[in-house]
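Colleague: Have a look at this fold, sequence not included:
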């Protein structure tokens with residue numbers, strides 16, 4: 001099953017929505033581990049830029065099952081902040097039984113949530129609403145979960161092997177185009 005959706009809008013900023021879905025047996029996926037400017041069910045809101053330092057300094061962010069530190073299920077191959085949130089690409093290690101089970105649940109749509117484990121570095125609390133505005137955090141894990149705190153944080157793609165190289169090149173071109181447009 002392959003579904004393509006493309007749109008580009010240019011004004012003061014560049015917005016690009018692109019989706020390519022295919023189901024295969026390789027365990028690769030992509031999605032948003034966090035979405036900016038959304039108050040989650042913990043009454044937190046994360047702002048753009050909150051992940052910038054942690055992504056640069058921590059290349060070893062863990063992929064866990066349901067935030068269980070004794071159940072790593074895969075690895076991340078790519079991570080970046082964009083205008084929407086923290087975009088990630090990863091691979092479930094299908095030789096690990098829990099990862100194999102998680103992948104089966106993903107394929108059937110029984111689970112799709114992503115959730116982050118972090119320590120807050122810089123935040124403010126709105127005294128009227130009690131909402132914590134997170135400006136910087138130290139990210140140490142991202143979990144595949146049944147119920148994410150941020151309902152918009154979820155896997156958006158399950159990838160096929162033959163598309164991985166093309167997708168990586170595509171992302172590099174888009175990142176370069178965004179950098180050029182942003183510097184204007």
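Modeller: Noted; the coordinates are in hand. These numbers come from a predicted model, not from an experiment.

Colleague: For the rest of this, base every contact and every neighbour count on C-alpha atoms.
Modeller: Will do.

Colleague: Would you confirm that residue 80 contacts residue 56?
Modeller: No. Contact criterion CA atoms under 8 Å: residue 80 and residue 56 do not qualify, at 9.6 Å.

Colleague: neighbour-wise, which of these two wins?
Modeller: It is residue 80, of residue 80 and residue 56, that has more neighbours when counted by other CA atoms under 10 Å, with 15 against 10.

Colleague: What confidence value was assigned to that one?
Modeller: Predicted confidence (pLDDT) for residue 80: 95.

Colleague: now residue 181
Modeller: So residue 181 comes in at 71 (pLDDT).

Colleague: That one in helix, strand or coil?
Modeller: helix (DSSP: H, G, I helix; E, B strand; the rest coil).

Colleague: likewise residue 102?
Modeller: Recorded secondary structure, residue 102: helix (three-state DSSP).

Colleague: Any idea how many residues pack against it?
Modeller: Residue 102 has 21 nearby residues by other CA under 10 Å.

Colleague: Okay, helices next: where are they in the chain?
Modeller: 52-57, 97-107, 161-182 (DSSP state H).

Colleague: average pLDDT across the shortest one?
Modeller: Meaning helix 52-57. Rounded mean pLDDT across helix 52-57 is 92.

Colleague: could you say what helices and strands that helix packs with?
Modeller: Judged by 3 or more CA pairs under 8 Å, 6 or more residues apart in numbering; DSSP states H and E, helix 52-57 is in contact with strand 68-81, strand 132-145.

Colleague: Please identify the deepest-packed of those.
Modeller: strand 132-145 (a mean of 20; mean count of other CA atoms under 10 Å).
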